[in-house]
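Novice: I would like the atomic coordinates for the input below:
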Amino acid sequence: MARPQKEGLDYFPLDVDMDQDDKIALIEARYGLVGFGVVIRLFMKIYKNSYFYEWTEKEQLLFARRVNVDINVINEIINDCLKWGIFDESIYEKHKVLTSRGIQRRYLKAADRRQRVQINSIHLLLDDEEVNAYKN
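Specialist: Okay, here's the model as predicted:
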């Protein structure tokens, strides 16, 4: 019996100067380290899943409980992440999914050694040329 194909990542790259990115700095300026921590925890959930994370009411409640931050604050942070381009607003509006071009590039690069990677074109923001640049 074949081993099931792994979808998510066990770890993801985190740039040491991530807090210097204006998008992240804007979140941190408004929400302090709580905002920074929520964004990092969202990245953890996204990469554990693959390259997107469904942001349904159920997920919002569970996430708020797990990070011990008020759900209203989390939703404000999400709205600012969408506003500043940390997450793609059009995909979120259509499918209630958190992702971005950068997240998808990092995911494909991190999964590069896998023989095969499942991609759902509904949530895909990269064009065919960018996706096909990876051997899997």
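Novice: tally of neighbours for residue 92?
Specialist: Residue 92 sits with 19 neighbouring residues when counted by other CB atoms under 10 Å. In short, each C-beta sits where N, CA and C put it, glycine included.
Novice: Does the nearest residue to it once chain neighbours are set aside lie in a helix or a strand, and which?
Specialist: Distances taken as CB to CB, 6 or more residues apart in numbering put residue 82 closest to residue 92, at 5.7 Å, once the chain neighbours are dropped. For residue 82, the host element (DSSP states H and E) is helix 71-84.
Novice: helices and strands around the following helix or strand past that helix, which ones?
Specialist: The helix or strand immediately downstream of helix 71-84 is helix 89-95, counting by DSSP H and E. Where contact means 3 or more CB pairs under 8 Å, 6 or more residues apart in numbering; DSSP states H and E, helix 89-95 is packed against helix 71-84.
Novice: Could you list the buried residues of stretch 87-97?
Specialist: Across stretch 87-97, burial judged by 16 or more other CB atoms under 10 Å covers 87, 88, 91, 92, 97.
Novice: Looking at these, spot the one nearest residue 124.
Specialist: Residue 124 has its nearest neighbour among these in residue 91, at 9.1 Å by CB to CB.
Novice: which ones are touching that closest one?
Specialist: Applying CB atoms under 8 Å, 6 or more residues apart in numbering, we find residue 91 in contact with 52, 97, 99, 123, 125.
Novice: Looking at these, which are in strands?
Specialist: residue 97 (DSSP state E).
Novice: Which two among the contacts of residue 91 are spaced furthest apart?
Specialist: Across the contacts of residue 91, the longest distance by CB to CB is 10.5 Å; it joins 97 and 125.
Novice: So for residue 113, what's the pLDDT?
Specialist: Residue 113 carries a pLDDT score of 66 in this model.
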